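**Student:** whatever this is, show me its structure:
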Amino acid sequence: MQYHSHKIYLHNFSNFDATFLFNKLAESGDITPIIHKDRIITISLNFSKQETSRIYTIHFRDSYQILLASLRKLDKIFGVDTQKGIFPHKFVNANNLNYVGAVPGF
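**Tutor:** Below is the predicted model of the structure:
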């Protein structure tokens, strides 16, 4: 598998995304979390494909543990042209998951 042993970094993973991904990853295979100060900072997912008996691993890690700044500050520090926007979390629901159009305001 092309992603075996890859590391996927999610910024602020331990404060947000880990709680949502934890159960879904557990449904996909065996997970091994690394927890520091009550926060999941790494989740290793071990799984196999039905066609083979080989075990594959993907690691999900918190990039905030390495780059101690918000994404908004990091794009300025590294001179990235595209600035981080605001995602309207309260807008998303089961009725508009396929929404296409302008980003709605708060």
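**Student:** which residue, neighbours along the chain excluded, lies closest to Ser14?
**Tutor:** Closest residue to Ser14 apart from its sequence neighbours, by C-beta to C-beta, 6 or more residues apart in numbering: Arg39 at 3.7 Å. For every residue, glycine as well, the C-beta is placed using N, CA and C.
**Student:** tell me the SS of the closest residue in space to Ile34 that isn't next to it in sequence?
**Tutor:** Take Ile34 and drop its neighbours on the chain: the residue closest to it by C-beta to C-beta, 6+ apart is Thr42, 4.1 Å away. Here Thr42 is recorded as strand under DSSP: H, G, I helix; E, B strand; the rest coil.
**Student:** ok, Thr42 - contacts?
**Tutor:** Applying C-beta atoms under 8 Å, 6 or more residues apart in numbering, one finds that Thr42 lies in contact with 33-34, 59-62.
**Student:** can you tell me which of these are buried?
**Tutor:** Burial by neighbour count, judged by 16 or more other C-beta atoms under 10 Å, picks out 60-62 from the contacts of Thr42.
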